[in-house]
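[1] my questions concern the predicted model and sequence given below.
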Amino acid sequence: MSGHGEPTAEVDAATRAFVRHRSLLFTVAYEMLGSAADAEDVLQETWLRWVRVDVAAVRDQRAFLVRIATRQALDRLRALSRRRESYVGPWLPEPLLTTPDVAENVELAESVSMAMLLVLETLAPTERAVFVLREVFELDYDEIAEAVGKSPAAVRQIAYRARSHVAARRPRAAVSAADTRAALAAFQQAVESGDLQHLVDILAPDVVYLGDGGGAKQATMEPVFGAENVARLLTFGLSTFAADMAVEPVEINGHPALRVRRDGKVNGIIAMHVENGLITGVYGVRNPEKLSRVEHETPLTR
């Protein structure tokens, strides 16, 4: 159907279907890309293709839309993989301020956590698409095969490979949200007071810190390992502008995190992964291009 002269009823039907599934499509694209800006571009491409479809003839609109979005996200992911090779310093997913229902959905919260999105970055593009569609969104193999342009048998093999790859690297299950919040509060207090020893006590001995400034803001160029090193980095880094800094607890990607403001403006996000009451991963995002989604909630859904 051309873009000119579509019957209004058909355009309305297409719009209603798209709006109904928009949050799902965004979540699929975001989990595949780790970037809200790129996920939005995928939604735009999906919409442009969707309005050219005879919507009345589509039996399963959700599956059809997911298929379009997956194909667009795969194309973009292949291009992004090349771009990220030249990224300045560690690359971290774009953090999202999320609604309370994301944290309540344990599977969804785990799948969009910073720690899990970093694991997904280690998959090849098709493996990532298959893993996300199968493990997070529970699509059947035939649907996934259509979305990624492979046979169902090939998709089963890819899913098995991707599952094994993720299982070997996935973060151990996080403790309850209450325990994570307790660790976060202790972390915040230690950082604000500059209490180095207290900070060391709540960091796991093998803790890893990753900082993403994207070349635009000061950040570590390499991962920092070990409780002493990470504690020293954080207390020194935050104490340098403590006078005009405010730190507030927020929900980022379904998990408790800290939003850092300087002179009233968002300066960064500190997310973390907690296991057995100790912080095992600290993720500091300061790249301004990645901070546009941390003041207003983004709905995510399975």
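    Done, it's in. Residues are numbered from 1 along each chain as shown.

[2] from T98, how far out is P288?
    20 Å (C-beta to C-beta, to the nearest Å). Just so you know, the C-beta spots here come from the backbone N, C-alpha and C atoms, and that holds for glycine as well.

[3] okay, the two: which has more neighbours?
    Neighbour count, other C-beta atoms under 10 Å: between P288 and T98, T98 has more, with 23 against 15.

[4] just checking, that one touches L300?
    Yes. Here T98 reaches L300: they are 6.1 Å apart, a contact under C-beta atoms under 8 Å.

[5] what is in contact with the two at once?
    Counting by C-beta atoms under 8 Å, 6 or more residues apart in numbering, the residues touching both T98 and L300 are 112, 254.

[6] immediately after the helix or strand containing A231, which helix or strand?
    Assigned by DSSP states H and E, A231 belongs to helix 227-239. With elements assigned by DSSP H and E, the helix or strand that comes after helix 227-239 is strand 245-252.

[7] how about that next one: buried residues?
    Judged by neighbour count using 16 or more other C-beta atoms under 10 Å, the buried positions of strand 245-252 are 245, 247, 250-252.

[8] let me know the closest of those residues to V28.
    Proximity of these to V28 (C-beta to C-beta) peaks at I252, which lies at 19.6 Å.

[9] what sits against that closest one?
    Contacts for I252 (C-beta under 8 Å, 6+ apart) come out as 95-98, 114, 259, 269, 271, 294.

[10] going by distance to L43, which of those wins?
    L96 (14.6 Å).

[11] gap between that closest one and L133?
    L96 is 20 Å from L133, by C-beta to C-beta.

[12] what is the neighbour count of A63?
    The number of residues packed near A63 is 16, by other C-beta under 10 Å.

[13] next, it: phi, psi?
    Note on A63: backbone dihedrals following degrees, to the nearest 10 are phi -60, psi -40.

[14] pull up the gap between it and G264, please.
    45 Å.

[15] same thing with A14?
    Counting by C-beta to C-beta, the gap from A14 to G264 is 42 Å.

[16] and those two? Which one has more around it.
    A14 (22 against 8).

[17] so which strand or helix has the more buried one?
    helix 8-33.

[18] buried sites along the helix or strand following that helix?
    Per DSSP H and E, helix 8-33 leads on to helix 36-50 as the next helix or strand towards the C-terminus. Across helix 36-50, burial judged by 16+ other C-beta under 10 Å covers 36, 38-39, 41-43, 45-47, 50.

[19] show me where the stretch 151-300 of the chain has helices.
    Ranges of helices in the stretch 151-300 of the chain, per DSSP state H, counting those that start in this stretch, are 152-169, 177-193, 196-202, 227-239.

[20] quick one: closest of these to G214.
    Per C-beta to C-beta, nearest to G214 of the helices of the stretch 151-300 of the chain: helix 227-239, 16.6 Å.

[21] who are the packing partners of the closest one?
    Packing contacts for helix 227-239, counted by 3 or more C-beta pairs under 8 Å, 6 or more residues apart in numbering; DSSP states H and E, involve helix 177-193, helix 196-202, strand 203-212.

[22] now do 10 Å
    In this structure, helix 227-239 packs against helix 177-193, helix 196-202, strand 203-212, strand 224-225, strand 245-252, strand 265-275, strand 278-285, with contacts taken as 3 or more C-beta pairs under 10 Å, 6 or more residues apart in numbering; DSSP states H and E.

[23] low-confidence stretches in this structure?
    Scanning the chain for pLDDT under 70 picks out 1-7, 9, 173-175, 215-216, 218, 237-243.

[24] one more time with 50
    1-5 (pLDDT under 50).
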